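Enquirer: mind looking at a prediction? Sequence and model below.
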Amino acid sequence: MAEGFTFTARILRKEAFLPRYVVVKPEFVLGRTGSFAALVSLNGSAPFARTVHPWGKGSEAFFFNLTEPQCRKAGVDTGSVCEVRVEPLDR
């Protein structure tokens, strides 16, 4: 069973036309090899559903995308540093 975890992260975005995203460091997803459903909270905001995906390309990191409304509700934008809580739903 997977347990939830909390970490500090920066909201990233490669280009203005692409979604924002958060990188999840490998130490938080040990033993995982594929995508998983989770409830995510930013800065203590109400949790919302996201799918956390492996980064791929030889990296052990994972990531999840963020929508504009999710960022707005949490009061964050590209470049913001925030507290992230991830609760995997496959517990």
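Expert: Arrived safely, thanks for sending.

Enquirer: can I assume E87 sits in a strand?
Expert: Yes: the assignment for E87, made by DSSP: H, G, I helix; E, B strand; the rest coil, places it in a strand.

Enquirer: gap between it and A38?
Expert: In this view, E87 and A38 are 6 Å apart by CB to CB, to the nearest Å. To be clear about C-beta, it is placed using only N, CA and C from the backbone, and glycine gets the same treatment.

Enquirer: from the chain's centre, how far out does the lowest-mean-pLDDT helix or strand in the chain sit?
Expert: The least trusted helix or strand in the chain, going by mean pLDDT, DSSP states H and E, turns out to be helix 68-74, with a mean of 93. Put simply, helix 68-74 sits 13 Å off its chain's centre (CA atoms, centre = their mean, to the nearest Å).

Enquirer: in that helix, which residues are buried?
Expert: Q70, C71, A74 (16 or more other CB atoms under 10 Å).

Enquirer: same thing with stretch 18-29?
Expert: For stretch 18-29, using 16+ other CB under 10 Å, the buried residues are R20, Y21, V22, V23, V24, F28, V29.

Enquirer: next: stretch 80-88.
Expert: S80, C82, V84, R85, V86, E87, P88.

Enquirer: before we move on, what about stretch 36-56?
Expert: Neighbour count says stretch 36-56 has F36, A38, V40, S41, L42, S45, F48, R50, V52, P54 buried, by 16+ other CB under 10 Å.

Enquirer: lovely, talk soon.
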